[in-house]
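Undergrad: how would this look folded up:
(chains A and B)
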Amino acid sequence: MSVDTYERIWMWGAGGLIVAFLAVIGITAVTQAIHPPSHIETVDPTTISEHPEFGDPKMRVEPDGRIVVPVLAQMFGFWPNPIEVPVNTPITFRITSADVVHGFQVVGTNANAMAVPGYVSQFTYTFKKAGNYDIACNEYCGLMHHAMVGIITVTDATGGQR
Amino acid sequence: MSGQGAVIGGTPQARLAATHIAVAVAAFGVAACMGVLQGLSIADVEFPMRSESLYYLFVTAHGVLMALVFTTFFIMGLGYALTHAQLGRLVGLKTAWLGFWIALVGTVGAVYTILTGQSTVLYTFYPPMQAHPMFYIGATMLVIGSWLWGGVVIASYRSWKREHPTQPVPMATHGTIATIIVWYLATAGVAMEMLFQLIPWSLGWVETIDPIVARTLFWWFGHPLVYFWLMPAYVLWYTVMPRIAGGRLFSDKLARMVFILFVILSTPVGFHHQFSDPGISASWKFAHTITTFAILFPSFVTAFTVIASLEVAGRLKGAKGLFDWIGTLPWKDPFFLAMALAILSFAFGGFGGAINAAYGMNSMVHNTAWIMGHFHVTLGTTSALTFMGATYWLMPRLLGRQLALPALARIQPWLWFIGMGIFSTSFHIAGLRGLPRRVYSGALAGEQGGAWESLTQAGAIGGIVLFVSALCFVAVVLATWLGGKRIEPPAFEFAVALEPVTEKGLWDRFGLWTIVAIVLVILAYAYPLITLLMTPRFGSPPFQPF
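TA: Numbers count the residues shown, from 1 in each chain, chains lettered A, B, ... in the order given. Take a look at the predicted model:
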């Protein structure tokens, strides 16, 4: 039996649309490096309080000038808090958890990664506007999950906030 | 062949199917009551006993009862009814009952630990948050029960096949078997998570657990799970809906192709739920993006075939214009109405799904209220509304009772559709504005709600409409079951194809396609899982912050 002509056209159209979707995603991934946070690095969650980077997490400037912000997510907050970073500068966030799985979502942006105990999530984000941003935990982590909120203060070139 | 109906009402097989449906409806009713309170809580509407612990307990129970219990029991009952009606047999009735009891005892055990506050871990149960061991064991028993169901349906099909060696598989059975293959492939992942990780860890036999390995095994199961919910709805759209409308199945061959595509593409897609996870490389996430988009294809074909089948119905009734066939369809039949609205919802759900699956764009919506909005139009409407309508259709055929309160049954799908429209749209937009999913209070720590306050309130109104619809559904079921007028059970009748497939073909070869599917699962998971297991990793001890 044959496939109806209109249905055949529809199927080619649907196939074409899917290929187009994938092409857009693939091309932007390759040319503009648009990838989800996919860093592979492990860390011992049971001794995290003594860890040189995450024990007392603080923003640092690497020798090559990159700004790195380590973040420890722990029931029910983010450390350091507030996080202070400059505007229009690529910021590399490195995030892990001291207990259960948390989420690290900067509200109103697409900075969004899981904080998983035993692993370090890493991504780079550039804030284009100065001001205060909320960080919300977006993975259920216990009874005060909704209240697990942090603040990022983005300062402009003069160091002040708008 | 496929158009012949069979009367099965009053048989032991019908009783088996009906008992499964009863458990499904009970789980649905309880979960619906919790759902409306969750909606009020997010909108910060005060009500007696509102508390954090009750909210997260309800989120857990609502998810488990709706997504795992309602669906699994309904799909098992439907599978038994369709198989017995179409093949005239169920091989292994005792095994089927054994499966039912294993699943029911497991469910009761798991739900008991949830309701007593010992397993507030949500239906995704991500470690290192730890539930009571009975939660994991009970959930495993539910899955084992469903494995026996699959075995009984497959044994029935093989027995039929021996008598009909050259005939194509009857369509409803074809879709049911495909669903079972997807289910076996899917549950292999969660079974590994349960047996090698969660159960030994919750019993204290091992001290720590790796959360990323667990999440990977969970989503190996978690995405094909949505096709386990969706495929039985497709079975009904393809094989029953055109019949009710008075039409023909537009393309028998493509319907078969669609179910086989689901068999091979459902499982190797799980990383699209883990785009934001560490520990998995970007290239493997991209590989799963490709398979995820490929699985849009069978749904596109379904949209055409099902709607064309309905147009045939209108044309047979004399419709001539471009759109007047739509008016000739049986909108007053509650099952037809439920399916039509479910299909409309799935169009929205499909668009949202393509956005979620978009490798880069996912960061905008990951774990926000958008996701909640998304799976309430897909599972919560496409599958659930089809199943509710199917319950109206099944009850007279299984119980020999006329549908009671028919007016209520005709309003109920509209209420669900409208309520879900309000609920889902509100939470989609709130998610884009940054509202995280599953929060006790939309104001978060107290001061964050400004951007989405009115949306959570609209969502709560949608939730109330949904609750009223759920009450109507349960009322119709109870009134029919207990007091519906006794009638001769009507026959199960299936749609005839415009051009029926007359010989067994490539799309009927389940063994071959199962092998292809297994190879794809291995390709998609073996390398990333082995790499992960060989990386030096640190386990996590358990936490119970509830």
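
Undergrad: Could you use CA atoms for every contact and neighbour count after this?
TA: Noted.

Undergrad: Contacts only, for B:Phe100.
TA: By Cα atoms under 8 Å, 6 or more residues apart in numbering or on different chains, the residues touching B:Phe100 are B:His20, B:Gly145, B:Ser146.

Undergrad: and with 10 Å instead?
TA: B:16, B:19-20, B:23, B:73, B:76-77, B:94, B:106, B:141-142, B:144-146, B:148-149 (Cα atoms under 10 Å, 6 or more residues apart in numbering or on different chains).

Undergrad: Please apply the same query to A:Pro80.
TA: Neighbours of A:Pro80 in contact, by Cα under 10 Å, 6+ apart: A:54, A:56-59, A:69-73, A:150-152.

Undergrad: Which part of chain A gets nearest to chain B, residue-wise?
TA: Using Cα to the nearest Cα, A:Ala147 is the residue of chain A that sits closest to chain B, at 3.8 Å.

Undergrad: And that residue, how far from B:Leu432?
TA: The gap separating A:Ala147 from B:Leu432 is 19 Å, by Cα to Cα, to the nearest Å.

Undergrad: Please apply the same query to B:Val258.
TA: From B:Val258 to B:Leu432 the distance is 33 Å (Cα to Cα).

Undergrad: now swap in B:Arg315 and tell me
TA: Applying Cα to Cα to B:Arg315 and B:Leu432 gives a distance of 43 Å.

Undergrad: Please pull up the helix or strand immediately following the helix or strand of chain B at the bottom of the mean pLDDT ranking.
TA: Lowest by mean pLDDT, DSSP states H and E among the helices and strands of chain B is helix B:362-365, with a mean of 90. Sequence order places helix B:369-377 as the next helix or strand after helix B:362-365, per DSSP states H and E.

Undergrad: Run the chain-centre distance for the host helix or strand of B:Lys161.
TA: Per DSSP H and E, B:Lys161 falls inside helix B:133-163. Offset of helix B:133-163 from its chain centre (Cα atoms, centre = their mean, to the nearest Å): 17 Å.

Undergrad: Check stretch B:87-105 too.
TA: Averaging C-alpha positions (Cα atoms, centre = their mean) puts stretch B:87-105 21 Å from its chain's average.

Undergrad: which parts of that stretch are buried?
TA: B:87-93, B:96-97, B:99-100, B:102-105 (16 or more other Cα atoms under 10 Å in any protein chain shown).

Undergrad: And for stretch B:419-429?
TA: If you call a residue buried by 16+ other Cα under 10 Å, then stretch B:419-429 has these buried ones: B:Gly419, B:Met420, B:Gly421, B:Ile422, B:Phe423, B:Ser424, B:Thr425, B:Ser426, B:Phe427, B:His428, B:Ile429.

Undergrad: Would you check which pair of these lies furthest apart?
TA: B:Gly419 and B:Ile429 (15.8 Å; Cα to Cα).

Undergrad: what sits up against stretch B:200-211?
TA: Outside stretch B:200-211, the residues that touch it by Cα under 10 Å, 6+ apart are A:100-101, A:116-119, B:126-137, B:194-199, B:217, B:533, B:537-542.

Undergrad: If we use 6 Å, what do you get?
TA: Outside stretch B:200-211, the residues that touch it by Cα atoms under 6 Å, 6 or more residues apart in numbering or on different chains are B:Pro127, B:Pro133, B:Gly539, B:Ser540, B:Pro541.

Undergrad: now swap in stretch B:271-290 and tell me
TA: A:Pro36, A:Pro37, A:Ser38, A:His39, A:Ile40, A:Ala113, A:Met114, A:Ser121, B:Val269, B:Ala357.

Undergrad: Just the residues you listed: which are in strands?
TA: Using DSSP state E, the members of the contacts of stretch B:271-290 that fall in strands are A:Ala113, A:Met114, A:Ser121.

Undergrad: gap between the residue lying closest to the first one once chain neighbours are set aside and A:His39?
TA: Counting by Cα to Cα, 6 or more residues apart in numbering or on different chains, A:Ala113 lies nearest to B:Ser276, which is 4.8 Å off, once chain neighbours are set aside. With distances taken as Cα to Cα, B:Ser276 is found 10 Å from A:His39.

Undergrad: Between those two, tell me which one has more neighbours.
TA: B:Ser276 (31 against 19; other Cα atoms under 10 Å in any protein chain shown).
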